[in-house]
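Predicted model, plus sequence, below.
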Amino acid sequence: MHFIGEFLGYLAGVCTAIVFLPQTIQTIRERNIDGLSLMTYVIYCVGMVSWILYGVYLHSVQMMIFNSISLFFAAIILYMIVAQRVKKR
């Protein structure tokens, strides 16, 4: 039974870690952030940093790794949104 719980934890971690990968690839390729919400990505990145810090508190390597991967992809998009808005000014 323990194996099932661990498997589900890793499956959830992988899914949440790579959820932004397709959007990140598309955004980088097309350099188009139209329709992407700055506030959504700010809130999401703050949430991921919070999860990473919580993982540090719990000494959960999986939580730190998977949320760091997710933060990496979301932060790329966030950077592109901010950079394009600054460029337009």
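All right, it came through fine.

ok, longest helix in the chain?
Longest among the helix segments of the chain by residue count, using DSSP state H, is helix 61-88.

what's it packed up against?
For helix 61-88, the packing partners by 3 or more Cβ pairs under 8 Å, 6 or more residues apart in numbering; DSSP states H and E come out as helix 2-18, helix 21-30, helix 38-58. Every residue, glycine included, has its C-beta placed from N, CA and C.

among the ones you listed, which is the most enclosed?
Highest mean neighbour count among the helices and strands packed on helix 61-88 (mean count of other Cβ atoms under 10 Å): helix 38-58, with a mean of 15.

Give me the helices and strands touching that helix, please.
In terms of contacts (3+ Cβ pairs under 8 Å, 6+ apart), helix 38-58 is packed against helix 61-88.

tell me the contacts of the residue lying closest to residue 78 once chain neighbours are set aside?
Excluding the flanking residues, the one nearest residue 78 by Cβ to Cβ, 6 or more residues apart in numbering is residue 41, at 4.1 Å. Counting by Cβ atoms under 8 Å, 6 or more residues apart in numbering, residue 41 makes contact with 74, 77-78, 81.

hmm, back to that, take the helices and strands packed on helix 61-88 and write them to a markdown table, including distance to residue 70 and mean pLDDT.
Formatted as a markdown table, the helices and strands packed on helix 61-88 follow (distance: least, Cβ to Cβ, whole Å; pLDDT from 0 to 100):
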| stretch | distance to residue 70 | mean pLDDT |
| --- | --- | --- |
| helix 2-18 | 5 | 88 |
| helix 21-30 | 9 | 94 |
| helix 38-58 | 5 | 96 |
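
Now tabulate those helices in a markdown table and tack on distance to residue 85.
Shown next, in a markdown table, are those (distance: least, Cβ to Cβ, whole Å):
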| stretch | distance to residue 85 |
| --- | --- |
| helix 2-18 | 26 |
| helix 21-30 | 14 |
| helix 38-58 | 7 |
